[in-house]
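Student: Make a model of this:
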Amino acid sequence: MFNIKPLYDTTIKHWVAGTLALAAVGLASGVVAANDPAGKAADSPVMSRAAVNRQVEALAALGHDIFRDPSLSGSGKVACSSCHDPAHAYGPANALAVQMGGGDLRQPGLRAVPSLTYLQVVPPFTEHFFESEDDADESIDNGPTGGLTWDGRVDRGGDQAMITLLSDFEMGNKDEAVLIGRLRAATYAGKLAELAGPQAQSNPRLLLQTALKAIEVYEQDYKTFYPYSSKYDAYLAGTATLTAQEARGLQLFNDADKGNCASCHVSQRGNDGTPPQFTDYGLIALGVPRNPDIPANKDPNYYDLGLCGPLRTDFRDRPNYCGLFRTPTLRNVALRQTFFHNGVFHSLRQAVAFYVDRETDPGKWYPRNPDGTVDKYNDLPRSAQANLNMDPPFDRHQGDKPALSDSEIDDVVAFLGTLTDGYKPGSADVSSALGSTGAPK
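Tutor: I've put the predicted structure just below:
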């Protein structure tokens, strides 16, 4: 299995740096004082490695508790872990397209809940991400890339958590003051105050900053959030062998003229030998069908346009960004019961087949207009349909032969089953426990 410790060390340094930066406002001072009573760290302009390690451990432990605390929600019944279930790769445990939240648990969300795993090296959002080609002098502009959430509107785990904590249809806190009050009443309030430091008495917002930082650090625990323990990782390490079907699926996944999946869901190791992330972090318009199970979609004039709104507001005047959503990692994808940003599909096989038949057989996916024509790309206004990705296999036309046959789709689904963490050599293969629909038998 791949040794992830070096990658963890590199990643955690980034987050520790962010933690230490808050020392200027007193956040780090509390944990240093608590864990270094002799004051040795205070005598040095740089915290010792041991002090940093203690701080990380203390913040991670606090983050673990906050992540599972329903008392931080307006209803008192919803924790981060309610939607980001540890048993489902920190994604939803059910097949609902959107989850219910708010103070009365009756407020529906607008998008499917994503997994929180394998986010540790997602780059900050940028409108222009340049990638150099091998043996080429020029670079390729991949356009909008990076950021967290489906529309990439925040870069840090704490900011992502803040969206959820204050959302009317998620954890439902009215404002920061209400949230701080709930933090003060939590069972871990003493630990939180200690980590925030004495300045939190006069500046209670430090309690909130500490809580958000704790969630960030907790989500950097490589054993929990990015263990790289799938069968495919074992295969790359030479300790597992893919079945014939899984091997065919991998070949189809990588083949630019067939699945072409790897063009966005990168399956090769990085140049530094790090494991593949199965995403290029880009934002892309796929034109998945409108999901009638989302209450907001009952309004025919409502469209979720991703990068250009409605939840992200800074690009509302950029029509060329409408319909673009973040490319998620495919790691642990076989554990999901909803797929794409609107949760319109409920099996992995459906999701793969959509790529294959979106253009060759659109009537399979989209409803028909009163005149019998197919209402293609029905979850995008016409003005945004020019942004749709048309790379293979989307380069075909109605009536053309699909890029993959039914059996080849099954092969790709079988390969995707090898990306589920927790593989143990000699145990039953994940893919063999999946039916042709990609759901448990």
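
Student: Make sure I have this right: Leu206 is in a strand.
Tutor: No: Leu206 is assigned helix when assessed by DSSP: H, G, I helix; E, B strand; the rest coil, not a strand.

Student: Grab the nearest non-local neighbour of it.
Tutor: Spatial nearest neighbour of Leu206, chain neighbours left out: Ala200 (4.1 Å); criterion: C-beta to C-beta, 6 or more residues apart in numbering. In short, each C-beta sits where N, CA and C put it, glycine included.

Student: The stretch 201-350 of the chain: helices as residue ranges?
Tutor: Ranges of helices in the stretch 201-350 of the chain, per DSSP state H, counting those that start in this stretch, are 205-218, 222-225, 231-236, 244-254, 348-357.

Student: Any idea which of those helices gets closest to Gly323?
Tutor: Proximity to Gly323 (C-beta to C-beta) singles out helix 348-357 among the helices of the stretch 201-350 of the chain, at 15.4 Å.

Student: what about the stretch 1-150 of the chain, any weak spots by pLDDT?
Tutor: Counting by pLDDT under 70, the stretch 1-150 of the chain contains low-confidence residues at 1-46, 132-138.

Student: What ranges does it have for its strands?
Tutor: Taking DSSP state E, counting those that start in this stretch to define them, one finds strands in the stretch 1-150 of the chain at 100-101, 107-108, 130-132, 139-141.

Student: Just name the most buried of the helices of the stretch 201-350 of the chain.
Tutor: helix 205-218 (a mean of 24; mean count of other C-beta atoms under 10 Å).

Student: Please save the CA atoms from it in CSV.
Tutor: In CSV, the C-alpha atoms belonging to helix 205-218 read as follows (Å, rounded to 0.1, in the frame of the first residue of the first chain):
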residue,chain,number,x,y,z
ARG,A,205,-15.3,35.5,17.9
LEU,A,206,-12.0,33.8,18.6
LEU,A,207,-14.1,30.9,19.9
LEU,A,208,-15.7,30.6,16.5
GLN,A,209,-12.4,31.0,14.7
THR,A,210,-10.9,28.2,16.9
ALA,A,211,-13.8,25.9,16.2
LEU,A,212,-13.5,26.4,12.4
LYS,A,213,-9.8,25.9,12.6
ALA,A,214,-10.4,22.7,14.6
ILE,A,215,-12.7,21.4,11.9
GLU,A,216,-10.0,22.2,9.3
VAL,A,217,-7.3,20.3,11.1
TYR,A,218,-9.5,17.4,11.9
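
Student: Now do the contacts for Pro124.
Tutor: Counting by C-beta atoms under 8 Å, 6 or more residues apart in numbering, Pro124 makes contact with 146-147, 155.

Student: circling back to that earlier point, need the helices of the stretch 201-350 of the chain in JSON lines (columns: distance to Ser81).
Tutor: Output for the helices of the stretch 201-350 of the chain, formatted as JSON lines (distance: least, C-beta to C-beta, whole Å):
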{"stretch": "helix 205-218", "distance to Ser81": "11"}
{"stretch": "helix 222-225", "distance to Ser81": "12"}
{"stretch": "helix 231-236", "distance to Ser81": "25"}
{"stretch": "helix 244-254", "distance to Ser81": "31"}
{"stretch": "helix 348-357", "distance to Ser81": "24"}
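
Student: For those helices, give me a markdown table that also has mean pLDDT and distance to Arg336.
Tutor: Putting the helices of the stretch 201-350 of the chain into a markdown table (pLDDT from 0 to 100; distance: least, C-beta to C-beta, whole Å) gives the following:
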| stretch | mean pLDDT | distance to Arg336 |
| --- | --- | --- |
| helix 205-218 | 98 | 22 |
| helix 222-225 | 94 | 16 |
| helix 231-236 | 97 | 17 |
| helix 244-254 | 98 | 17 |
| helix 348-357 | 98 | 7 |
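
Student: related to what we said a few turns ago, which of the contacts of Pro124 count as buried?
Tutor: Among the contacts of Pro124, the ones that count as buried by 16 or more other C-beta atoms under 10 Å are 146-147, 155.

Student: would you list those residues in JSON lines and tack on distance to Leu283?
Tutor: Formatted as JSON lines, the buried ones among the contacts of Pro124 follow (distance: C-beta to C-beta, whole Å):
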{"residue": "Gly146", "distance to Leu283": "9"}
{"residue": "Gly147", "distance to Leu283": "8"}
{"residue": "Asp155", "distance to Leu283": "14"}
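
Student: My read is that the residue nearest to Leu206 contacts Ala193, right?
Tutor: Yes: the pair Ala200 / Ala193 is scored as a contact, 6.0 Å apart, by C-beta atoms under 8 Å.

Student: which of those two has more neighbours?
Tutor: Each of Ala200 and Ala193 has its neighbours counted (other C-beta atoms under 10 Å); Ala200 has more, 24 against 19.

Student: Next one: that one from Leu388, what distance?
Tutor: 49 Å (C-beta to C-beta, to the nearest Å).

Student: Equivalent analysis for Tyr366, please.
Tutor: On the measure of C-beta to C-beta, Tyr366 and Leu388 end up 13 Å apart.

Student: quick revisit: who wins for proximity to Gly172 among the helices of the stretch 201-350 of the chain?
Tutor: Nearest of the helices of the stretch 201-350 of the chain (C-beta to C-beta): helix 205-218, 16.1 Å.

Student: got the contact list for Cys308?
Tutor: Cys308 touches 315-319, 321-324, counting by C-beta under 8 Å, 6+ apart.

Student: Just put those residues in CSV and tack on neighbour count.
Tutor: Below are the contacts of Cys308 laid out as CSV (neighbours: other C-beta atoms under 10 Å):
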residue, neighbour count
Phe315, 21
Arg316, 14
Asp317, 9
Arg318, 14
Pro319, 15
Tyr321, 24
Cys322, 23
Gly323, 29
Leu324, 27
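
Student: before we move on, back to that, to Pro393, which of the helices of the stretch 201-350 of the chain lies closest?
Tutor: Among those, helix 348-357 sits nearest to Pro393 (C-beta to C-beta), with 5.7 Å.

Student: And the next helix or strand past the closest one?
Tutor: Downstream of helix 348-357, the next assigned helix or strand under DSSP states H and E is helix 406-416.

Student: For that next one, which outside residues touch it?
Tutor: Against helix 406-416 from outside (C-beta under 8 Å, 6+ apart): 232, 242-243, 245-250, 252-253, 258-259, 261, 330, 333-334, 348-349, 352-353, 356, 404, 431, 434, 436, 438.
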